[in-house]
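S.K.: build the 3D model from these lines:
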Amino acid sequence: MTEITLKIDGMSCQHCVMSVKKAIDGVEGVNTSDIALGTAKVVYDDTKTNRDTIANAVKNAGYKING
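M.R.: All right, here's what the predicted structure looks like:
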């Protein structure tokens with residue numbers, strides 16, 4: 001398992017938090033995610049997914065990865 005922390009721009013409320021959580025949890029291989037305003041801590045199986053796939057899920061939900 002691999003753990004990453006993403007900094008996310010554009011989140012301003014609990015609805016944003018839930019949208020990002022839903023997007024990340026929908027990625028195959030994601031084991032757990034802890035989402036707060038501006039950050040996402042994600043544990044995933046690196047044989048099934050990677051940081052770029054998770055970041056793209058966040059972008060597709062309408063938010064920007066910072067860094």
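S.K.: most distant residue from the centre of the chain?
M.R.: Relative to the C-alpha centroid of the chain, counting by Cα atoms, centre = their mean, T47 is the outermost residue, at 17.3 Å.
S.K.: who's in contact with the residue lying closest to that one once chain neighbours are set aside?
M.R.: In space, T47 comes closest to G29 once its chain neighbours are excluded; the distance is 7.4 Å by Cβ to Cβ, 6 or more residues apart in numbering. (C-beta placed from N, C-alpha, C; glycine too.) Counting by Cβ atoms under 8 Å, 6 or more residues apart in numbering, G29 touches Y44, D45, D46, T47, K48, T49.
S.K.: how close does G29 sit to A57?
M.R.: In this view, G29 and A57 are 11 Å apart by Cβ to Cβ, to the nearest Å.
S.K.: gap between the residue nearest to K48 when sequence neighbours are not counted and Y63?
M.R.: Residue nearest to K48 in three dimensions, not counting chain neighbours: G29, with 2.9 Å by Cβ to Cβ, 6+ apart. Applying Cβ to Cβ, the value for G29 to Y63 is 20 Å.
S.K.: got it, and T53?
M.R.: 15 Å.
S.K.: looking at those two, which is more packed in?
M.R.: Ranked by neighbour count (other Cβ atoms under 10 Å), T53 and Y63 place Y63 first, with 21 against 14.
S.K.: can you report phi and psi for that one?
M.R.: phi -120, psi 160 (degrees, to the nearest 10).
S.K.: list the contacts of it.
M.R.: I8, D9, G10, M11, C16, S19, V20.
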